[in-house]
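Undergrad: Dropping the sequence and predicted coords here.
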Amino acid sequence: MDFVVALLRASINSATPILLAALGGAFTYYANVFNIAMEGMMLTGAYFGVIGSYFFGSWEVGILFALVSSLLLSLLFSLFAIYLRSDEFVTGIAINMLALGGTTYLLRSTFHVKGAFISPKIIGIPSWNFGFLHDVPILGSILGGYPFLVYVSFLLAVVVDIVVFRSRFGLRLRAAGEEPTATRSLGINPTTVRLVSALLSGVFCGLAGAFLSLGYVNLFSENMSNGRGWIALAIIILVRARPLGILILSLLFGFFEALGIVLQNSPIPPQFTSMVPYVATLFALYVYARRKRKVSITAEVGDD
Amino acid sequence: MRGIYKVYPPEVVALEDVIWELRKGEIHSIVGENGAGKSTLMKILAGLIKPSAGSMYVKGEEVSFSAPHQAIRKGIGMVHQEFMLIPSFRIYENVILGSEKAVTNNVGFINSVKARNMVKEVAERYGFQIDVDAVTSEVSVAMQQKVEILKQLYRDVDILIMDEPTAVLTPQETEELFERLRELNRRGKTIVFISHKLDEVLQISDRITVLRKGRKIGTVDNDGITKRELANMMVGRDVVFTVSKSSSSAGKRVLSVRELTVRRDNSIELGPLSFDVREGEVVGVAGIEGNGQFELVEALIGTLPVCGGKIYIDEVEITHMSTRQRRRYMGFVSQDRKYTGLALQSTIMKNMIMTHHISRAFAKMGFAINWGKVGEFSRTLINSYAVICRGTNEPVSTLSGGNQQKVVVAREFSLDVPFLLLDQPTRGLDVGTIEFIHRKILQMRANGMAILLISAELDELFTLSDRLLVMRSGKIVAELLPNLTTKEDVGAYMLGVGGHE
Amino acid sequence: MLGPICWVSVVMSRFNKFFVGGIGIAVGLLVSVFVIKIQGNSPAEVYRVLFDYSIASSFSWISTLDNTTPLILTGLSAAIAWRAGAINLGQPGQFLMGAIVAALLGIYLPFPGWISIPVILTASALGGALWSGFAALMRQRYGMDEFVSTLMLNFIAEYSTTYLVTYPFLDPKAYVASTVAIKKAFTLSTVNQFNEGFYVAVAVAVVSWWVVEKWRIGYEWEMMGLNLRFARVGGCKVSDNYMWVMLYSGALSGLAGGLLILGGTQHRFMKGIGGNFGWDGVMLAMIGNNDVSMTALFALFFGALKSGGIGMEFETGVPSEFIMVMEAVIVVSVVATRSVIEFYGGRVKAFLKARKVVKR
């Protein structure tokens, strides 16, 4: 039983950064912005979260730094991809490279270490323990005691859903993404809307990064995001950015990642367990593609 | 509007020194051929485009719009040729989009009940029957147009601009639209009607302005002016409405379609269809868009699988051949040159050799292409088709629409094949290019090419076809001889009315 | 005042290809100067060292070309695939696959050197092709976007190869997880002071250029990349071409991996080998705008940067990771420059034409 509880707890911890990033990415999805830069923004957020926390001795500053850095990066992305109309794909990957190179270099030059930086002076995000949960038998140990960002992110899933589908901003967001010409004819500037969506995504990725480095571990390692940005993107595509779907899939991937970690204590070589989330993504992609095929209209005739 | 100019990147002059005025309470039409600048001028009025030079006055006061909502505030609204609607939204959402103030609360959330009621109220006030809850992509095109009009009425416009509204409507829907417009006019709305269909313009307008190549030619009152006079103003010379065609001398069967059936989502979209096209013959296909023509074209070129029947060219069965294989037998001019007929960012030369690149004539050492020959080939074609350009290494995107289509036509017509499939080959082109292409088609016909021509322009079909097939609901409902039938008859078959089912 | 601006923009749009790359690099270097200064080092010093260690002496040239070899190949791998509309982002994984194949065959192959080397190189190319081909197959059969699958396969390749050198093929005497060195006879040496591997890479690049620019399949690839429907309707063998370009692309990256093992300095597969060569290739394709010759040229530039970077760390203490930052900044600048020119170039022309017309 302890094993199951540990597994579920690990799942929720693993799911949170992906959930946050994917929720932010939902905004860009609806605005029809191909946001590949989530990986880089998350990584940047993770690094600067540690900087803020270490040098100022507080997790609040850490989160602040994470948000600002990620926001700046999304601003850069927006400038090129949205305002200057360069290719979103190329710009996104360039930003990721910048984040990877930049954080690896800064890790080395600021802390004079290679690989990872660990220090007790990094203050992590505090956990919330709900008193009443102590008495609830099993659920109590699963639901309580996480860094509070976890609860925030679950709440955000609901908030994002409401905002996108019931608010004026959400209406305009979806309009701008689906038909920018039509939207422009109504006096709404789709470019501004897309810019805002990218910035929002930056904020969410900053939070995700902060959780990575200040959440249940307090450290920064090279390339810490390790593909989570890509997985978030895959999730968004799979569920068409519906927040409920994002929540469910994030938990699922969190579970796979946790499974990989937990299995490290088993005789299975650690590399295979690390592979689990990526194989899972491939499999999810397969399922998605099969479902989409059934409604496809034109097909190839007698391909040679 | 005075002294209006509009220049587009890189160097296209859309409007030149246009002076125009609109009187309150009239229905004013603006006519001209494709590319004359009608839409552009009105878009400037509606605030979508800024003029490169010139000034505008509304009710005596000088205005300058940098965004459509400013024009709307002055009472000017426009219903576009391509609808500006969000397909996945419900109708009421599309109507309120951009002007949600009335139905939004302080926190930014929309009161959908209130929105629905407000839109319903406006619709009823002007006599429109609209289900405001329906999803926009699921209603008919005519209904979508009504939603567009409703959008403007919701915003209390006085001047309503309609850009080519009848292009997407059936004759009955056009009548209904005219009724609506007259009703709105009676209630004091001023209407601007952009069209290139002279019959309709003469039916509905009080005054008519003619534009040609970005300049205003003149404004006339609609009392007694004839179609011919208008056409001459539009084109600048006496328009020959038909190109002369030699008598038919059809030879053996080239294209043979037998019981062709195409399915989509469990319903039969096409067929069973059977017809032939012979050597040296042009077979025209008339029909309202959406009655199986798309499926026919796709089945013929091999991008849609056939679930029944056979297709033969020169006795060879091509029904299940890949596109590459069947391209040895057919040329194809698609209905949209931008997405199917050309690679816009590429050079004229590279666009010119598509499909030709497969043949051994241009091969070098088996795997490579002889680019020298390709260059010669494209230069020759540019000359014989009078394509105006700076050289074959220019990107095709710098050409005008007419010249782009000439590149497509030059390429396809010069293939060494027995059969040509033409889908709306002259859509959106100026009269000069249309004439040129028509002449080329007849030339091909005289050389023994078998041609299948699908078109929405009855004039074109009557001019060029030896035989005319009418399609409705995926089947051929009539086979007519153009010199023995009338356009009204064909129209009736297209709609399935009055004894022509 | 308007005159010179107009003149510059007209000139710029004509020499687009070179200008964009050149300006991008210039901007990148400029920004780097700025960053170096902030960190408290001397930009002049840094650039002098970079120059010294990359192209100043024949010894540094060897190092530069050593680095350029895999970069040319991974760069072309990305460029050629993308040009055809196949979004292959799997260079890192395909590189590793090629490398592991080379490392293992290099240990066990019983043939003499002159047979084995070509065999090993071909096998590594095939290894890379297998990895990209797998993603391509998933796309053809199941409609799975290769963009996501190649990315995931990168991670899977990384973990799989790490496993192989940590357990079954581990060299017990090694400090870091790695295989035993390959047979001496299989290592590539230098010819005329230049690493043999470099010649192979250049030869492959030239052949690639020929195929891409002059062959029928190269033409079809280009058209597919620009407008897939146009290509399909025009009779291009779209499915076959897609598979070929993915296989070729993977083979290039795989070959890069193989050359690194046979050439280079280590001659064994170590965990973490190949550094950033895969992603650098991606960056190169972006800078070179998927053009074969441009990409290869910039590969040389990056190779020089990398060599210079090692020296930079020795002499000035600036960590070599800074090169990664420089590269990324250059990529971003190039992309930005390209967009700015396209965006404003057209507008300037329209503005000028309007003035001409109105004056009439």
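TA: Noted; the coordinates are in hand. Nothing here was measured: the structure is a model prediction, and the numbers come from that model.
Undergrad: biggest helix in the chain by residues?
TA: By default, I'm working from chain A. Selection of the longest helix in chain A by residue count, based on DSSP state H, yields helix A:2-30.
Undergrad: wait, chain C
TA: Longest helix in chain C, counting residues (DSSP H): helix C:322-359.
Undergrad: what's the spacing between C:T69 and C:G197?
TA: Using Cβ to Cβ, to the nearest Å, C:T69 is found at 5 Å from C:G197. Placement of C-beta: from N, CA and C, glycine included.
Undergrad: Is the longest helix of chain A positioned near chain C?
TA: No - Helix A:2-30 lies out of reach of chain C by Cβ under 8 Å from any Cβ of the partner chain, never closer than 13.8 Å.
Undergrad: for that helix, what is the average pLDDT?
TA: The pLDDT scores in helix A:2-30 average 91.
Undergrad: list the buried ones in that helix?
TA: Along helix A:2-30, the positions that meet the burial threshold by neighbour count (16 or more other Cβ atoms under 10 Å in any protein chain shown) are A:7-30.
Undergrad: what does stretch B:169-176 give?
TA: Residues of stretch B:169-176 classed as buried by neighbour count (16+ other Cβ under 10 Å): B:169-170, B:173-174.
Undergrad: Farthest pair within those residues?
TA: When Cβ to Cβ is used, the two most widely separated members of these are B:T170 and B:T174, lying 7.0 Å apart.
Undergrad: Looking at C:T69 and C:G197, which one has more neighbours?
TA: Neighbour totals were compared for C:T69 and C:G197, and C:T69 leads with 30 against 27 (other Cβ atoms under 10 Å in any protein chain shown).
Undergrad: For the more buried one, give its distance to C:G317.
TA: As for C:T69, its distance to C:G317 is 28 Å (criterion: Cβ to Cβ).
Undergrad: how about the longest helix of chain C, does it get close to chain A?
TA: Yes - counting by Cβ under 8 Å from any Cβ, chain A is contacted by helix C:322-359 at C:322-329, C:331-332, C:335-336, C:338-340, C:342-343.
Undergrad: Mind listing what's buried along stretch B:453-464?
TA: Using 16+ other Cβ under 10 Å, the residues of stretch B:453-464 that count as buried are B:453-456, B:458, B:460-464.
Undergrad: Any idea which residue of the stretch 201-350 of chain B lies closest to chain C?
TA: When Cβ to the nearest Cβ is the measure, the stretch 201-350 of chain B has its nearest residue to chain C at B:R327, with 3.7 Å between them.
Undergrad: which phi and psi does the nearest residue in space to that residue that is not next to it in sequence have?
TA: Sequence neighbours aside, C:G235 is the residue nearest to B:R327 in space, at 3.7 Å (criterion: Cβ to Cβ, 6 or more residues apart in numbering or on different chains). Backbone torsions for C:G235, taken as degrees, to the nearest 10, come to phi 100, psi 10.
Undergrad: Who are the contact partners of C:G235?
TA: B:323-324, B:327, B:354-355, B:358 (Cβ atoms under 8 Å, 6 or more residues apart in numbering or on different chains).
Undergrad: thinking again about what came up before, so which of the buried residues of stretch B:169-176 is the closest to C:A256?
TA: Closest to C:A256, out of all of those and judged by Cβ to Cβ, is B:L169, at 60.1 Å.
Undergrad: mind listing the helices for the stretch 1-150 of chain B?
TA: B:38-45, B:68-73, B:91-96, B:112-125, B:141-154 (DSSP state H, counting those that start in this stretch).
Undergrad: most packed of those?
TA: Mean neighbour counts were compared across the helices of the stretch 1-150 of chain B using mean count of other Cβ atoms under 10 Å in any protein chain shown; the top stretch is helix B:91-96, at a mean of 27.
Undergrad: pLDDT (mean, whole number) over that helix?
TA: For helix B:91-96, mean pLDDT rounds to 91.
Undergrad: Please apply the same query to stretch B:299-319.
TA: Stretch B:299-319 shows a mean pLDDT of 90.
Undergrad: Give me the buried positions along that stretch.
TA: For stretch B:299-319, a neighbour-count test (16+ other Cβ under 10 Å) marks B:299-306, B:308-309, B:311-314, B:318-319 as buried.
Undergrad: Check stretch C:160-167 too.
TA: Within stretch C:160-167, the residues that qualify as buried are C:160-166, counting by 16+ other Cβ under 10 Å.
Undergrad: mind listing what residue 23 touches?
TA: No chain in the question, so chain A it is. The neighbours of A:L23, taking Cβ under 8 Å, 6+ apart as the test, are A:153, A:156-157, A:160, A:204, A:243, A:246.
Undergrad: The intended chain is chain C.
TA: When contacts are counted by Cβ under 8 Å, 6+ apart, C:I23 touches C:333-334, C:337.
Undergrad: hey, where'd the helices end up in the chain?
TA: With no chain named, the answer covers chain A. Secondary structure of chain A (DSSP H): helices at A:2-30, A:38-56, A:59-78, A:88-111, A:138-143, A:149-166, A:168-178, A:180-185, A:190-214, A:228-239, A:243-262, A:270-293.
Undergrad: Switch to chain C, please.
TA: Going by DSSP H, chain C shows helices at C:2-14, C:16-38, C:43-51, C:58-83, C:91-108, C:113-142, C:146-166, C:196-214, C:216-226, C:228-233, C:238-262, C:277-287, C:292-316, C:322-359.
Undergrad: could you redo the ones you listed as TSV and give each row mean pLDDT and distance to B:R182?
TA: Listed next are the helices of chain C as TSV, based on pLDDT from 0 to 100; distance: least, Cβ to Cβ, whole Å:
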stretch	mean pLDDT	distance to B:R182
helix C:2-14	56	51
helix C:16-38	78	55
helix C:43-51	79	75
helix C:58-83	90	56
helix C:91-108	92	66
helix C:113-142	92	56
helix C:146-166	90	54
helix C:196-214	93	62
helix C:216-226	94	48
helix C:228-233	93	43
helix C:238-262	94	52
helix C:277-287	90	58
helix C:292-316	86	62
helix C:322-359	76	39
